[in-house]
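K.L.:
model this:
(4 chains)
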2 protein chains.
Amino acid sequence: MTVSRVVSGDGYVSEETREKVLKAVKELNYRRNGLARSLKRQFTETVGLVLGDISNPYSTELARAVRETLLEQGFNLFICISESGAKEDVIAFESLANHSVDGIIVATRSNEAGDRYLSDLVDTNVPVVAIGRDLTHKNIDFVSPDNLKGGFDATQHLIDLGHKRIAFIGANLRSGSNLKRLQGYIDALEQHDIPVDERLITGRSEGIADEVGYSTEEIGFEGMKRLLSLPDPPTAVFARNDFTAIGAMRAISEAGLKIPNDIAIVGFDDIPLAARMSPSLTTVRQPMRAEGQIAAEMLLERITGKANISRRERILDCELIVRESSGHRRQ
Amino acid sequence: MTVSRVVSGDGYVSEETREKVLKAVKELNYRRNGLARSLKRQFTETVGLVLGDISNPYSTELARAVRETLLEQGFNLFICISESGAKEDVIAFESLANHSVDGIIVATRSNEAGDRYLSDLVDTNVPVVAIGRDLTHKNIDFVSPDNLKGGFDATQHLIDLGHKRIAFIGANLRSGSNLKRLQGYIDALEQHDIPVDERLITGRSEGIADEVGYSTEEIGFEGMKRLLSLPDPPTAVFARNDFTAIGAMRAISEAGLKIPNDIAIVGFDDIPLAARMSPSLTTVRQPMRAEGQIAAEMLLERITGKANISRRERILDCELIVRESSGHRRQ
DNA sequence: TTGTAGGCGTTATCAA
DNA sequence: TTGATAACGCCTACAA
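P.N.:
Prediction:
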């Protein structure tokens, strides 16, 4: 017990005993067992963050913002990777739960088994915040960029430039955020009485196994190739994210066409690479740092707050960043 | 006790009781406490990975390889970020130690307090493997790319192309891996009787606070600007990594000079962006995935192995990837 | 097939 | 100022 007082640094211990204890600690290489400590105290001051595509600068910026916010409050962050769907999601949640983290932030795509596990977790009073994962539970907070408006703005921008045949690359019906971007695209077309042509909406390519890391670029590449082989190819393209846009740009170049003269293109996210492409990529900037910070703050409120908070939702504005790849107004 | 048997799924339980237990588990939202379990069992089947610059694709590829290797053996991975030196290193190590991970892989730059903490950890029998962190301890394994030979090859390549005034950008005396690259550069020059000109070796710029994220690019930009202002500027540059090289390329372009005609440039790492730059970047490819995999394997051997293993070292070959930025042989 | 006892290493509480 | 006791929730070993 006296040792505990010395090591924890609180409670009355005489200077003499304190020194004796510290000496013994050194000699015996004693280290206080955190598991036992947490077991007794019932909290760990640790938060888990589950990330999907860790290769995407979007994820890493998010993680940095989350971590900074937590650190200010003395909380530690453990990041878990879950790259390929439900099974890995569950492994990640389970391992965080087994370590009794005080709360979890999820930034992977929604899936049934994962959602179920999360609900169970919340029911055992583990605070959870979701970033961009459509998951409606009365006690799970939700943070997301405004994908609907972002998709709308991107498409509107292309329409304003005089385009009528505008394609969407990388539709994924299983991803809510993606679906919102697609919906924004459709809304913009309809608002300008441009018919929605399903052949101009490409989804996930058959041959591509995962949608992780730079493989999303392949989706853009393959999708664009298919669009270019249409009898009446598009004059503009809105890609579901910057990596996909970059893949599409490669396909356009390889076909001997020019951006933006032959085909204009807009992405989503504004990863650092977007500004450096040549031509530089017009894109919808997502407030990654704000998303991370707000999610962390919400989680901390749930962790430290006494009261049971019910579901809150924060949809954050995106900003259209016009660069070279969308070009000037067509005649 | 019967509950434990049901939940763990081993030991004899009658079908009838099992069902009753499972029903109660559901109703009460019971979840087995992992802390208590680990406290009793004395292991967690979890490994910690401490990463410095998470924005660098090098780190994320490493993490993915580590994770895949661990997962095969049923181990989970927790990633901690330590962006700015000793203090954060210690926080990360401490928090992993408090959660009783079974082992730690460190991939941050060496620093005194961090090294000391790691040594203490090892002395309490926590297995540790270091990636690229120069840290000599009799029980800490070491994995690293061959920075010396990589630096030599890069410089040799530029010499072979006919260059005599070759600069090094981004020297950092506190980073061992960086120092090795610099040493390789010097070795190559000396072997060809080219005098080493200290003015051609730029270090860290004053104004730049951190060396994290895309800030390393600033180092390249600032360093190159200084080199260009010399009375007798270099005709070729070897940058300490790809981000630094990319920053240097930007400075060269802004000065109205052409790569590789006016100045040739070589980087280090071969991040995905290197191949896409225009001109594409000649660089020394680092075997990121192999580094991660080998580090994870070594750690698992220490964790599961009964015997005390003494320090092992694995230096992995790098490969010079010649692209456009180094150009053709000069006349 | 089920249940009891003891201990993993802490800390809260109370006693000395 | 220090120490004894109990409890955090689980699992091993043994008893019923």
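K.L.:
only C-alpha atoms for contact and neighbour calcs from this point on.
P.N.:
OK.
K.L.:
tell me where the stretch 151-300 of chain A has helices.
P.N.:
In the stretch 151-300 of chain A, helices defined by DSSP state H, counting those that start in this stretch lie at A:176-191, A:215-228, A:242-254, A:272-276, A:288-304, listed in chain order.
K.L.:
was I right to think residue A:164 contacts residue A:194?
P.N.:
Yes. Taking Cα atoms under 8 Å as the definition, residue A:164 is a contact partner of residue A:194 at 6.7 Å.
K.L.:
what residues are shared contacts of these two?
P.N.:
Residues touching both residue A:164 and residue A:194 by Cα atoms under 8 Å, 6 or more residues apart in numbering or on different chains: none at all.
K.L.:
and the residue in the stretch 1-150 of chain A positioned nearest to DNA strand C, how close does it get to residue A:6?
P.N.:
Going by Cα to the nearest atom of the strand, DNA strand C is nearest to residue A:32 of the stretch 1-150 of chain A, at 3.1 Å. Using Cα to Cα, to the nearest Å, we find residue A:32 at a distance of 11 Å from residue A:6.
K.L.:
who has more neighbours, these two?
P.N.:
Comparing residue A:32 with residue A:6 by other Cα atoms under 10 Å in any protein chain shown, the one with more neighbours is residue A:6, at 19 against 15.
K.L.:
who's in contact with residue A:249?
P.N.:
A:221, A:259, A:265.
K.L.:
should've said residue A:181
P.N.:
Going by Cα under 8 Å, 6+ apart, the list of residues near residue A:181 reads A:147-152, A:240.
K.L.:
by neighbours, which of these wins?
P.N.:
residue A:151 (32 neighbours).
K.L.:
surely that one touches residue A:185?
P.N.:
Yes. With contact defined as Cα under 8 Å, residue A:151 counts as touching residue A:185 (5.2 Å).
K.L.:
least confident secondary structure element in chain A?
P.N.:
Least confident helix or strand, chain A: helix A:272-276 with a mean of 86, by mean pLDDT, DSSP states H and E.
K.L.:
what about that helix, distance to the chain center?
P.N.:
Put simply, helix A:272-276 sits 18 Å off its chain's centre (Cα atoms, centre = their mean, to the nearest Å).
K.L.:
for the residue in the stretch 1-150 of chain A that DNA strand D sits nearest to, what are its contacts?
P.N.:
Residue nearest to DNA strand D within the stretch 1-150 of chain A: residue A:13 (2.9 Å; Cα to the nearest atom of the strand). Taking Cα under 8 Å, 6+ apart, we find residue A:13 in contact with A:2, A:5-6.
K.L.:
so it: helix, strand or coil?
P.N.:
State at residue A:13, reduced to three classes by DSSP: H, G, I helix; E, B strand; the rest coil: coil.
K.L.:
ok, it to residue A:31 distance?
P.N.:
19 Å.
K.L.:
cool, and residue A:166?
P.N.:
Going from residue A:166 to residue A:31 by Cα to Cα gives 63 Å.
K.L.:
one more: residue A:106?
P.N.:
For residue A:106, the distance to residue A:31 - Cα to Cα - is 32 Å.
K.L.:
same deal with residue A:285?
P.N.:
For residue A:285, the distance to residue A:31 - Cα to Cα - is 47 Å.
K.L.:
who's more crowded, these two?
P.N.:
residue A:285 (19 against 14).
K.L.:
OK, contacts around the closest residue to residue A:188 other than its chain neighbours?
P.N.:
Spatial nearest neighbour of residue A:188, excluding adjacent residues (Cα to Cα, 6 or more residues apart in numbering or on different chains): residue A:152 at 5.3 Å. Going by Cα under 8 Å, 6+ apart, residue A:152 touches A:181, A:183-188.
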